[in-house]
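**Student:** build me a model:
(one chain, ligands or ions: 2)
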Amino acid sequence: MKTTLTEKKYIRRLANGAIAFFGETPETQKFMERLLNRASFVDSPQDMRRALKLKASEWDRYMTVFFAKLGRVTEFGQTNYSECVEPPPPPDGATEAPEVTELKAVVAAKEAALETLREELKEGKKSGPVEVHVKLDDGKKTHAGKVKMAHVTMPELLARCAAGVNTYMVGPAGSGKTTAAEQVADALRLDFGFMSVGPQTTKTDIMGYMDANGRYVSTEFRRRYEEGGVFLFDEMDAGNGGVLTCVNAALAGKWCSFPDKMVKRNPKFICLGAGNTYGNGPDRIYVGRQELDGASLNRFDFLDWTYDEGLEMEIAKTLWEEKVQEATEWTTFVQRVRKAIDTLGMRHIVSPRQSFDGIKLLKQGVKKESVIQTQLWKNLKTAEVNRINEAMAKNIGLAVNN
Ligand SMILES: Nc1ncnc2c1ncn2[C@@H]1O[C@H](COP(=O)(O)OP(=O)(O)OP(=O)(O)O)[C@@H](O)[C@H]1O
Ligand SMILES: [Mg+2]
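**Tutor:** Ligands and ions are numbered 1, 2, ... in the order given. Okay, the predicted model is just below:
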């Protein structure tokens, strides 16, 4: 192989950097000479590692940082030498080139960022899946139960249920609001009823109606109100703002007027709501949401239901018990993408559903690249994907395979 001038410059830079980075030992000196005499390290990068007597992990760290610094150079052996810029010559008598000092600072900063991330993950895990115990006294007997794999906010929700306070969970898509309502019902061994509210939902859907023969046609809401149980107005902020006003009386007092008769509220009736917004109308991500009636909102306590990443990780592991390592890696990746999107303020949702559905696909043998494309990037433009990748690289200091 013929060594070109630019290639020589590159080799010199690499060798200088290596020596300054790892110290001026006889090995590194020898190696520099070898490099400058056209050693065949380009064909075999491992030669360089062995010559420098570096462990694989040290070598990887050095290479990652060195190449990140060189920019444009993506992978060892695929170097575009002409893009490498000659570094400033080391000052006389200096043992460390300024660029290497700079490199070390970069490494230190990235390592600090990585440590922060590790801490955050640890904390997330701590606040994750706890077993929550609850008691509900309906005047006659006490219902006791527990929720396994509970969201970090579950104790707050249960406290409100036990106190008979209607609660509206507000949180991003896939944060586990619907599941939480079901878990409350399960834990208390109560029936669960729910209605997915939408633009077409009418007062009749909620309250029922009298048919042509004068018979009352009931609804799930009526049954739970009368017989007891947990009822969830799911996607509450997707409905027509005025429709829920029909249940205002039911939620405030002990009686409700249904089309056939007045009905007394069962002491075991628990009413929950869930939505992506606070009911103040659409926001920049949830554009189809409605403004809800103030009097309806006033009857609910608001509980923020954000992503519980510790819980997400635990659920992910249960989905792929045979390959916990893969499940963990995938979920960590999804969480990093989410963090980058958040940092960039992009309008794109990457929820725990992407962790769970991604694992289901990976388990079926679908290629990771394809899962990333269909679950995470979806309809994003290439430029947006690149921005996310860059933000991720900044966050923890390493580039991402996509
Ligand atoms: N505690 C949990 N245990 C097991 N799986 C859970 C739990 N919480 C959420 N999930 C799973 O996470 C996914 C999203 O949960 P869920 O549908 O409850 O979210 P959501 O907040 O209601 O979302 P959306 O706003 O889109 O309706 C589902 O696949 C659900 O099965
Ligand atoms: Mg839901």
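
**Student:** so which bits of the stretch 201-350 of the chain are right by ligand 1?
**Tutor:** For the stretch 201-350 of the chain, the contact set with ligand 1 under Cβ under 6 Å from any ligand atom comprises 274, 276, 311, 315. (Glycine included, C-beta is placed from N, CA and C.)

**Student:** let me know the next secondary structure element after the helix or strand hosting the first one.
**Tutor:** For residue 274, the enclosing helix or strand under DSSP states H and E is strand 269-275. As assigned by DSSP H and E, the chain's next helix or strand after strand 269-275 is helix 294-298.

**Student:** looks like residue 184 contacts residue 161 (just checking).
**Tutor:** Yes - shown here, residue 184 and residue 161 form a contact pair, counting by Cβ atoms under 8 Å, at 5.6 Å.

**Student:** in terms of neighbours, single out the busier of the two.
**Tutor:** Per other Cβ atoms under 10 Å, whichever of residue 184 and residue 161 has more neighbours is residue 184, with 28 against 23.

**Student:** export the helix or strand that contains that one as CSV, just CAs?
**Tutor:** Remark: residue 184 resides in helix 177-187, with elements defined by DSSP H and E. Below are the C-alpha coordinates for helix 177-187, written out as CSV (Å, rounded to 0.1, in the frame of the first residue of the first chain):
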residue,chain,number,x,y,z
LYS,A,177,-53.1,5.6,33.0
THR,A,178,-55.7,3.1,31.7
THR,A,179,-53.7,0.2,33.2
ALA,A,180,-53.6,2.0,36.6
ALA,A,181,-57.4,2.3,36.7
GLU,A,182,-57.8,-1.4,36.0
GLN,A,183,-55.2,-2.2,38.7
VAL,A,184,-57.1,-0.2,41.3
ALA,A,185,-60.2,-2.2,40.5
ASP,A,186,-58.3,-5.5,40.7
ALA,A,187,-56.6,-4.6,43.9
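
**Student:** and the closest residue to residue 353 other than its chain neighbours, its phi and psi?
**Tutor:** In this structure, residue 353 finds its nearest non-sequential neighbour in residue 174, 4.2 Å apart by Cβ to Cβ, 6 or more residues apart in numbering. Dihedral pair for residue 174: phi 80, psi 20, per degrees, to the nearest 10.

**Student:** wait, doesn't residue 174 sit right on residue 357?
**Tutor:** No - with contacts counted by Cβ under 8 Å, residue 174 stays clear of residue 357, the gap being 9.8 Å.

**Student:** okay, those two: which has more neighbours?
**Tutor:** Using other Cβ under 10 Å as the criterion, residue 174 and residue 357 rank with residue 174 on top: 19 against 16.

**Student:** the more buried one: what's it in contact with?
**Tutor:** Going by Cβ atoms under 8 Å, 6 or more residues apart in numbering, residue 174 touches 307, 349, 351, 352, 353, 354.

**Student:** which of the three states applies to the first one?
**Tutor:** When you say that, I think you mean residue 307. The assignment at residue 307 comes out as coil when based on DSSP: H, G, I helix; E, B strand; the rest coil.

**Student:** need the contact list for it.
**Tutor:** With contact taken as Cβ under 8 Å, 6+ apart, residue 307 is in contact with 171, 172, 174, 175, 338, 351, 352.

**Student:** and it, what's its pLDDT?
**Tutor:** On pLDDT, residue 307 comes in at 94.

**Student:** inside helices: which ones of the contacts of residue 307?
**Tutor:** Judged by DSSP state H, the contacts of residue 307 include 338, 352 as members of helices.

**Student:** okay if I get the contacts of residue 307 as JSON lines plus distance to residue 199?
**Tutor:** Shown next, in JSON lines, are these (distance: Cβ to Cβ, whole Å):
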{"residue": "171", "distance to residue 199": "21"}
{"residue": "172", "distance to residue 199": "21"}
{"residue": "174", "distance to residue 199": "21"}
{"residue": "175", "distance to residue 199": "22"}
{"residue": "338", "distance to residue 199": "29"}
{"residue": "351", "distance to residue 199": "22"}
{"residue": "352", "distance to residue 199": "26"}
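
**Student:** now the contacts of residue 307: which count as buried?
**Tutor:** Burial by neighbour count, 16 or more other Cβ atoms under 10 Å: within the contacts of residue 307 this picks out 171, 172, 174, 175, 338, 351, 352.

**Student:** can you pull out the strands in the stretch 201-350 of the chain?
**Tutor:** Secondary structure of the stretch 201-350 of the chain (DSSP state E, counting those that start in this stretch): strands located at 209-210, 216-217, 229-234, 255-257, 262-264, 269-275, 301-304.

**Student:** find the nearest non-adjacent residue to residue 299, please.
**Tutor:** Nearest residue to residue 299 in three dimensions, chain neighbours excluded: residue 251, at 4.3 Å (Cβ to Cβ, 6+ apart).

**Student:** give me the number of residues near that neighbour?
**Tutor:** If you count neighbours by other Cβ under 10 Å, residue 251 ends up with 20.

**Student:** alright, I will stop here.
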